[in-house]
Structure formats: C-alpha cells, structure tokens
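**Student:** how would this look folded up:
(one chain, ligands or ions: 1)
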Amino acid sequence: MEKVNLTGFTQEELEQFAVDHGEKSFRGRQLFSWIYQRKATDFAEMTDLSKALRNKFQDLATIGQLQIAEKSPSPASDSIKYLFRLHDGNLIESVFISERNRRTLCVSSQVGCALKCTFCATGKLGFKRNLTAGEIVDQVICVERDTGLELTNIVFMGMGEPFQNYENVIQSAYLMKHENGIAIGARHIVISTVGIIPALYRYADEGHRFKLAISLHSPFNDDRQKLIPVSAKYDVDKLVDAVKYYMKKSRHRPTFQYVLIDGVNDRMRDAHGVRKLLQGIPCKVNLIPYNPTVPAFKRPSREHVDQFARWLMPIHAPISVRWSKGDDIEAACGQLAGKFVKAPEMV
Ligand code: SAH
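**Tutor:** Numbers count the residues shown, from 1 in each chain. Okay, the predicted model is just below:
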C-alpha cells in the first residue's frame, strides 16, 4: 500500500484520517500541531503519542518534506533563495526575505507557468504541473525549520499563476493561517495574480480574507496583451470591474502591481492611462522596476521611476516602489526559473 503524505491535510482531514484508522479524532489534532506548528519530520518525534501509535502512523503515512536541493544566501541583502526538489524530481524555488521585523517567504504555486508573460523568466519554462496544497505549505514549513525563524508574511509571487491552481492555493493559504499551526494572519498573506477574471469573482464570492495583488503592467489592452498574452481574454476594463466587485464584497483595498520596463510601459501616456483606469478606486499601486531577465527589456533609471510615480501622483492611492532584494542571487521578482530547464533564449 502506498503511504499517504499528510502535509497538506487540513485539521478536519487529519481528524478523519485518525478516525478512519480506528483512533479518536483528537489524534488528528495532535498530528496537525506536530506537522504545522512543531514542524516534525518524523512520527518518532511525536512524544505525546504512544510508541505503538507512532509506529502505526509510520506504517500508514509520511510527512511532507521537500528536499533542499540548493540554498543561495544573498551577500547583498538578507535573503536566501531555496531550490526545492519535489518527490517526482521537479524543482521549484522559494525566496526568504528578511527586513527589519518582517520575515517574508515568496512561495511558488506551480512548476513553471503557463502564462508566458514576455518579460518573466518563469514564463520561459512553460508549464509542468500544479503544486499540491501540501507542496505549497511545505515551502513555508521547510524554511521555518531551516532558518529556525517564524515567518511573518507570505507572498504568492514565486513561480506560477496562483489563480490557475485555485483550490490548492486557497487550501494552502488556510493551512498557513490556522492558529494551531503556522498561524500567519490572513492580512499577512498576499495572493498575486494577473487577474484571471472568473477566479476573481469566485474569490470575492467565497469571502476569503487574504490580500490580493493584481499585476496590471499596462492600462491599454493591446500593450498589456504584448506583456501578458493571457490578458487577450481579459479586457482591462472588465478586470477593473471584477476588482471593484471584490472590493465591494471584501471591503479590502487590492494592490495593483506595475512592472516598469524602459520605453515599453513607462511613458507619460501610460501613467495617465493608469490614473484614468484607477481613478476613484481605493487601492494601492506598487511599482516594480524591471529585473532584467530577458535581453529585449531594460530597467528604467531611478530618476525615471521617480518621474513615473510623480505622473501617477494625482491618483490619490498610495504609491510604493519595490526595489527587489536578492537580485544578486537571481531571487528578485520574476527571476525564478529553477535550474532544471533553461529555455533557449536564456542560456
Ligand atoms: N503570476 C502572478 C505571480 C507572479 S510573480 C502574477 O503575475 O501576479 C509576482 C510579480 O512579479 C508579478 O507582478 C510579475 O509580473 C512580476 N515580475 C515578473 N517578472 C519580473 C521581472 N523580471 N522584474 C520585475 N517584476 C517581475
């Protein structure tokens, strides 16, 4: 019989697992706390279970564990890029970023990505498969175990499009939030999406409390499609309607992310377009100066980034600029591409 991997199970599912094997349901709650809070790697560590029960679980099940294939600490910033090997040999990356009293993990939601955004390194890999909820939450568990630190924030900004792996992403986010486990508040977990419109409506209707970040990158449909090919299906005005619907339901302000690429989407007319599009919407705008991964695209100068922010200014939304950490170890936004496939244009 193949053993079941319990990492990724909810508390209720673990209770059911215990009951299914003739144990009391509170045994499931003990397993939950050992896996997510105490980050056990082995049933043998579970000292509040009898030896016989530990052996029984050992015969039936396994606990997570991604393998750390490689670890690159950044000398220039307090960040570490992890390359994890999955049970089937696929590789994914996560980035740990420490700044002041925040410890953030940028997690992957898929092996590769299907969206093929023209400026993004992950997009060049193509799509391999969705991660399970267990593989997503295990990135958090492994990094907390490896660093010995508790994370304070999670961003779904690693490899993949979270809203194309909707159920597993939501389940993993609840596992990160659960108070008997990892216990990171919903407002400290950010799901980043290019704006898959049906998924946005679903997210709004289901009433989840995790923060949303929408990758906008251009206010104009034709330019946006060149950067994010999948947006051909999602008109930018309809995207804004979906975001407004989400805001009405959740009473939360989303963040619009905007990667600034020299001469491509950083002109005055782009800034004016963004202002017009987002006028009157209570949101935040996060500008990300492009981290070069594709030779055709360049990062604008620091002065120009400031200029673009000034052009946006009358928008009445807080504007921030994200100068990525960890670019010296290729761990900055959009630089995650694993080591396993090098697309021809990247080598
Ligand atoms: N698929 C999700 C998560 C991707 S990564 C999304 O698109 O939102 C998170 C952010 O990094 C996205 O806004 C993405 O557009 C941005 N990004 C991708 N490549 C980048 C690069 N080379 N430089 C700067 N930001 C990049």
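**Student:** enumerate the residues of this protein near the ligand.
**Tutor:** Applying CB under 6 Å from any ligand atom, we find that the chain lies next to the ligand at 119-120, 157, 161, 192-194, 215, 257, 259, 288, 290-291, 293, 333-335. In short, each C-beta sits where N, CA and C put it, glycine included.
**Student:** and the strands in the stretch 101-250 of the chain?
**Tutor:** Here the stretch 101-250 of the chain has its strands, by DSSP state E, counting those that start in this stretch, at 102-106, 110-112, 127-130, 153-156, 189-193, 211-215.
**Student:** sheet partners, orientation included, of the top strand by length along the chain?
**Tutor:** If you go by DSSP state E, the chain has its longest strand at strand 91-99. Its sheet considered, strand 91-99 pairs with strand 79-85 (antiparallel), strand 102-106 (antiparallel) by DSSP bridges.
**Student:** reformat the ones you listed as JSON lines; add mean neighbour count, mean pLDDT and distance to V240.
**Tutor:** Putting these into JSON lines (neighbours: other CB atoms under 10 Å; pLDDT from 0 to 100; distance: least, CB to CB, whole Å) gives the following:
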{"stretch": "strand 79-85", "mean neighbour count": "21", "mean pLDDT": "95", "distance to V240": "33"}
{"stretch": "strand 102-106", "mean neighbour count": "20", "mean pLDDT": "96", "distance to V240": "26"}
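**Student:** out of these, which gets nearest to K124?
**Tutor:** strand 79-85 (16.8 Å; CB to CB).
**Student:** export the strands paired with strand 91-99 to CSV and tack on distance to D327?
**Tutor:** CSV is the format used below for the strands paired with strand 91-99 (distance: least, CB to CB, whole Å):
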stretch, distance to D327
strand 79-85, 9
strand 102-106, 13
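**Student:** and of the ones you listed, who's closest to N153?
**Tutor:** Nearest to N153, of these and by CB to CB, is strand 102-106 at 4.1 Å.
**Student:** and the closest one, C-alpha only, in CSV?
**Tutor:** The C-alpha trace of strand 102-106 is given here as CSV (Å, rounded to 0.1, in the frame of the first residue of the first chain):
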residue,chain,number,x,y,z
ARG,A,102,9.4,41.2,8.8
ARG,A,103,10.3,37.8,7.5
THR,A,104,8.6,37.1,4.3
LEU,A,105,8.6,34.0,2.1
CYS,A,106,7.8,34.2,-1.6
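**Student:** list the contacts of that strand.
**Tutor:** 94-98, 139-140, 143, 147, 149-155, 157-158 (CB atoms under 8 Å, 6 or more residues apart in numbering).
**Student:** out of the strands of the stretch 101-250 of the chain, nearest to L86?
**Tutor:** So among those, strand 110-112 is nearest, using CB to CB, at 7.3 Å.
**Student:** quick one: list the elements packing against the closest one.
**Tutor:** Under the contact criterion of 3 or more CB pairs under 8 Å, 6 or more residues apart in numbering; DSSP states H and E, strand 110-112 touches strand 127-130.
**Student:** neighbouring strands - and their directions - for the strand it packs on?
**Tutor:** Applying DSSP bridges, one finds strand 127-130 paired with strand 110-112 (antiparallel).
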